[in-house]
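In: sequence unavailable; structure follows:
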C-alpha cells in the first residue's frame, strides 16, 4: 500500500541556511511562469508606468518590436521572486545587486524560469550568519537568457558556529560597460518613433552628465497594493505578508518589497525621462531604508553618464542614479547628509536606460 | 560629446496653465495603450459589472459582435486618463461633460490614443484662472473614432492677471439626439439574446419615462482600489495618489477619481437595468460632491426618456439619470433638497443606454 | 409610445426567498463569463499560488495539457458567484458543500455558465427560514460540465409562517469515491514532469494517511483584496462589500467570502504539497468561523487517505483535510478542543488532490 506504513519525510521546506550553500551550487528554482497581458495590466495598475513602447502594441510594432515588450522591471520581479524560496527565505538582509543585464525582450506568452549559481560565500565575524552571493539567470521557453544579475544576501546559519565550507568574495563590476549594452533592445526604426505619443520631446542627446531631474509626483502605497504586487511575482518572503508575526519584529509591521519601490520610482521617472523606455542594465542598488504602507514615495534622477552604443545609431544609453525618498518631495534632490544617506531616502539605484537618438 | 557641455532644458513637465491654451489648439496626448483582457479582468474586479455582452465572448458572438466588447466606461477612463497630463494637471475643478458619444466598440487587442482640441476659453472674473473647454477624441489603431466628448475644467494661470488670448464659450447640446445614437453598437441578431443569461427579463419596451429604480446594493471603496483603477487608466492627477501632499489640502486626504464613482454606480445599476448593456452617449454629468476611501456608494436611476432608434428594430435607447449617493441607501431616490443637491449625493449623470427590443 | 402609459413592473430583483424554491426547479444563472489570462493573473496576485501546471504553459504542455489550465478554485469561485443572486442573496448562512467534482479542465478563452437544480428543501422548526439544497453545475461554451457540486444554505422566508411546498433532505455522499476521480485531469506524460521546476521532490507515493503538514507561512488579508477577488467572481453577496450596512450587523463590519479563505489556504499549502496540482473533488467543507480584514490566515493539512486511480499510472489521489486558522500559527495543527472547533479555526475542508506518481 502506498505510504501507509513507512516513515514519511517532513514535507515542508524551511529553505536553505548559510551552511546549505556551497560554491558552485547550481539551484533550479521552482515555478516556471508564463507572463501574460494580465500581468502587464496589473503592473500598469500597480505603478502607473506610461512608457509608450511597453504600453502600445501599435507603437512597439511601428519601431520594430513584434509586440509591446513586457516592462523590464516586471521581468526582474518575476525572476527575483523565483529565487526567494531557495536563496533568501532565511535572509536577514538583502545587501546588494550588481552586473544586472536585460538580454532579450520578453513578450506576453513567454514562460520564464530561473536558476541561481552560488558564486560567493563569506561568514560574518560573529559566526551566526554569512553572506551568500548568487548569479541568478532568467530564461524564456527557448532557454534564451532574458536577465542575468548578481545579488548578495545575509543568510542566517541553522547552527551558529558551523564553519563555512569555503569562502570567496567575487569580484563584481561597478557598472556594466556601455559597449556591452543593448542586447535586450532590437534595432529600431526611429522614423516611426513619435515624440508626442511617447510623451517627451527629449531624446538621448538632450541629456547631460550631472543633470538632475525631479520627478515631482508622489505615490502613497497601501498594504493591499504591495501584497498584490509581491504575490504576482510569486515572491514568498514572509515579511511582506504576515502582519501577525510582524508584530514581534523590529518594525512591528509588514515591510514592503524593495522591488516595489524601484517600480514606483521608475514609473514616477516618466516625468522627465519619458523616452528612457528600456532598462538595459542595473549596475547596483541599495535599499537604504524600509518603506511601509501609508508612506508616500517621491523620486529624482541624476544623469551619471551619457554613452553611445558601438555600432548603433538608433539608441543611446544614459547611466542614471534613481533616488527615492519617502514622505518628502524631491525638488532639492535629497541624497546624503555627510557620509550618511539622508533620513528619508529609501532607494539609491544605478542603472542604464536606453533612449532613441 | 553628447550633452556634456551645452545647457540642458528642464526635463520635467509642469503641465499647461490657462495661458498656455489657445483656441483651436490640437493636443496629441501621450501614451497610446493597447487594451487587453487583463484590463477587462481588472475592471471586473474593481467594480463587479455583470452585463453579459461585455462578460462573455460566447454571448457577444451569439448576437453579432466579433467578441465581447470592452466596457464603455473602461474606454472612457483610458481616453480620459491620457488627457489629464495635458489638460487638467493644473485644474482646480472638473466642471462638466457634454456631447459624449461612443462611436465604435473596442475589443481586447485594440490600441487607443487620444487628442484634444481646445474649443473654448473663458477667464474667471478674479483673473487668476480660466475655464478651458476641450473636445477629446479617442481613436483605435485604425484611426477610427471610438469616443468623442467635451469636457471643461477650471485651470489655474501661471501668472495671475495675464490676459486670455481670446474668449469663446462653445454652444453645447443638452443631450445627444436619439437619432444620432447607435453607431457604437453593431446590428444585433436578437434571436440569440437570452434574457436568463443576461440576468433581466426587462427589455427596452418595459421601461417608461419617469420610472425610478433603486439599485439596492452598496459598495465601499478602499484607497488601494481607486488607486489601482486610476493608475490602470494611466491617469496622473496627483490628488488621487499623494496622501503626503493631500494633508495640506482642503480635504486633508486623497480624493477618489470621479470616473471611479461612475463605474461603481453603473455596475450597481445592473440590478434593475441588466439589459442596458451599452452606453451610447453621455449627455452630461456632475460630480456633485467628493468621495473618499471608506465611503460606501449606493445608486438609483430615473428613466428620463424612451426613444426608438431610426431604422433599427434590434435595440432601443433609454435616457437615464444615474444618481449616486454615499453612506445612505437610495430607496427614497435622493437628489435635491430645494435648489441644492442633497448632502449625500455625489453624482448626477445623464446618459443614453441601449437595450434589446 | 413604448412604456409611456402602461404600469411598469418593479425592475430590481430582491432575489428568491425560501418559499420561492420548489423541488426540481432548474435555475439558469445570469452572466456567462469568459475566463481570461487576466483572471489568472489576478488570481495569482490575490493568493500567490505556485503550482507549476497552472503557472506555466510550457510546463503544462510538456506533460500533456494543451495549455496551463485555470486554477480549479478560480473555476469554483466563478461558478459559485453566478449562483449567489439566485440562490443565496437572502441566505442567513452557507451551511455546507458535498459531492463537488471538477470534471474538465478550463483554459483561458473558455466561457463558463451555471445552472442550479433545487434538490432539497427543509424548513426550520421556527418557521421563518428553511434550508435549500442545490446542485450547481458549471459548463463551458461546448456545454461540457466542468464542475458539479451540492451546496446547502439557510434562506429566509419572505413571509414567516408560509408552509414549505414540499420537504426532502437529499442523501449526500460523505466523499467522492476515488474510482470516480480524475476526469478533470488528462492522461499525463510524466517523463516531462520536472520536480525541481514543480518545487517539490514529494510525489503521491511519498505521503501516508495520518500525516500532518504545517504550511508555515501566514497571509494577512486586506479589505481591498477580498473585495477585488469577490467582484472578480461577480459574487454579489452584500455582506462582503457594504461597510455602511454592515455596521448594523452582528459583526459590525464586512465579512470575507469563505471561498477567499479556501484559496488562501490552498496557496499556502504549496509548501508541503507542491505536487498536489489538481483538485479533483471537494468532499465537504465548513466555514467554521468568519474572517475579517486585518486577520492573518495560516493553514495545515492532514492526509486522510491515499488512493490509486483505477487504470491510471500517471497520477494518484490524496484525500486531504485542509484546516485554516486565523492569527495563530499551525505548527501544532489546531482543530478541535473537545467537541468544538478550536477558537481560531476558520476552515475545515475535505478534498481530493491529484499528484504525479
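Out: Now that the structure is in, tell me what you want to look at. Only a predicted model underlies this, so the values are computations on that prediction, with no experimental measurement involved. Residues are numbered from 1 along each chain as shown, chains lettered A, B, ... in the order given.
In: dump the residue contacts of residue A:329.
Out: By CB atoms under 8 Å, 6 or more residues apart in numbering or on different chains, the contact set of residue A:329 is A:214, A:216, A:218, A:298, B:245. Where you see a C-beta, it was placed from the backbone N, CA and C, and this is true even at glycine.
In: domain parsing for chain A?
Out: Residue ranges for the domains of chain A, per automatic domain parsing: A:16-35+A:70-160, A:192-357.
In: can you give me the end-to-end span of the first one?
Out: Which is domain A:16-35+A:70-160. Its start and end residues considered, domain A:16-35+A:70-160 measures 14 Å (CA to CA, to the nearest Å).
In: for that domain, give the mean pLDDT please.
Out: Averaging pLDDT along domain A:16-35+A:70-160 yields 96.
In: quick one on the thing from earlier: residue C:108 is nearest to which of the domains of chain A?
Out: domain A:16-35+A:70-160 (10.1 Å; CB to CB).
In: does chain C sit close to that closest one?
Out: Yes. Domain A:16-35+A:70-160 reaches chain C (CB under 8 Å from any CB of the partner chain) through A:28, A:30, A:31, A:32, A:33, A:34, A:85, A:108, A:109, A:111, A:113, A:141.
In: what's the closest of the domains of chain A to residue A:50?
Out: Of all the domains of chain A, domain A:192-357 comes closest under CB to CB, at 4.8 Å.
In: helices of chain A, residue ranges please.
Out: A:37-47, A:52-55, A:57-63, A:72-83, A:195-198, A:223-232, A:243-246, A:258-268 (DSSP state H).
In: tabulate the ones you listed in JSON lines, adding columns for mean neighbour count and distance to chain B.
Out: JSON lines is the format used below for the helices of chain A (neighbours: other CB atoms under 10 Å in any protein chain shown; distance: least, CB to the nearest CB, whole Å):
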{"stretch": "helix A:37-47", "mean neighbour count": "26", "distance to chain B": "3"}
{"stretch": "helix A:52-55", "mean neighbour count": "25", "distance to chain B": "5"}
{"stretch": "helix A:57-63", "mean neighbour count": "22", "distance to chain B": "4"}
{"stretch": "helix A:72-83", "mean neighbour count": "26", "distance to chain B": "12"}
{"stretch": "helix A:195-198", "mean neighbour count": "20", "distance to chain B": "4"}
{"stretch": "helix A:223-232", "mean neighbour count": "26", "distance to chain B": "4"}
{"stretch": "helix A:243-246", "mean neighbour count": "20", "distance to chain B": "15"}
{"stretch": "helix A:258-268", "mean neighbour count": "25", "distance to chain B": "8"}
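In: as a markdown table, these with distance to residue B:315 would be great.
Out: Shown next, in a markdown table, are those (distance: least, CB to CB, whole Å):
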| stretch | distance to residue B:315 |
| --- | --- |
| helix A:37-47 | 30 |
| helix A:52-55 | 33 |
| helix A:57-63 | 31 |
| helix A:72-83 | 41 |
| helix A:195-198 | 35 |
| helix A:223-232 | 38 |
| helix A:243-246 | 50 |
| helix A:258-268 | 41 |
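In: highest neighbour count among the contacts of residue A:329?
Out: residue A:298 (28 neighbours; other CB atoms under 10 Å in any protein chain shown).
In: surely residue A:43 meets residue A:72?
Out: No. With contact defined as CB atoms under 8 Å, residue A:43 does not reach residue A:72; the gap is 10.7 Å.
In: now the domains of chain A in JSON lines, with distance to residue C:190?
Out: As requested, those are exported to JSON lines (distance: least, CB to CB, whole Å):
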{"stretch": "domain A:16-35+A:70-160", "distance to residue C:190": "16"}
{"stretch": "domain A:192-357", "distance to residue C:190": "23"}
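In: what's the closest of the ones you listed to residue B:327?
Out: domain A:192-357 (21.1 Å).
In: got the end-to-end distance for that closest one?
Out: First residue to last in domain A:192-357 (CA to CA) measures 13 Å.
In: likewise stretch A:82-98?
Out: Terminal-residue distance, stretch A:82-98 (CA to CA): 18 Å.
In: how far does it sit from the chain's center?
Out: Computed by CA atoms, centre = their mean, to the nearest Å, the chain-centroid distance of stretch A:82-98 equals 12 Å.
In: okay, buried residues for it please.
Out: A:82-91, A:94, A:96-98 (16 or more other CB atoms under 10 Å in any protein chain shown).
In: just give me the closest of these to chain B.
Out: Of all the buried residues of stretch A:82-98, residue A:82 has the smallest distance to chain B: 21.1 Å, by CB to the nearest CB.
In: isn't the closest one right next to residue A:234, touching?
Out: Yes. Using CB under 8 Å, residue A:82 is in contact with residue A:234, at 6.8 Å.
In: doesn't residue A:262 make contact with residue A:73?
Out: Yes. Here residue A:73 reaches residue A:262: they are 6.2 Å apart, a contact under CB under 8 Å.
In: how far away is residue A:27 from residue A:278?
Out: To residue A:278, residue A:27 is 29 Å away according to CB to CB, to the nearest Å.
In: give me the pLDDT for residue A:5.
Out: 45.
In: burial measure for residue A:185, as a count.
Out: By other CB under 10 Å, 24 other residues sit near residue A:185.
In: how about residue A:217?
Out: Per other CB under 10 Å, the neighbour tally for residue A:217 reads 24.
In: how about residue A:332?
Out: For residue A:332, using other CB under 10 Å, the count is 12.
In: which residue is it, in the stretch 251-357 of chain A, that comes closest to chain B?
Out: Nearest residue of the stretch 251-357 of chain A to chain B, counting by CB to the nearest CB: residue A:296, 3.7 Å away.
In: spatially nearest residue to that residue, not counting backbone neighbours?
Out: Spatial nearest neighbour of residue A:296, excluding adjacent residues (CB to CB, 6 or more residues apart in numbering or on different chains): residue B:244 at 3.7 Å.
In: residue A:46 now?
Out: Here the residue nearest residue A:46, using CB to CB, 6+ apart, is residue A:229, at 4.9 Å.
In: which residues sit in contact with residue A:252?
Out: Per CB under 8 Å, 6+ apart, neighbours of residue A:252: residue A:246.
In: how does it look with 10 Å?
Out: A:243, A:246, A:292 (CB atoms under 10 Å, 6 or more residues apart in numbering or on different chains).
In: just checking: which of the residues you listed also lie near chain C?
Out: A:243, A:246 (CB under 10 Å from any CB of the partner chain).
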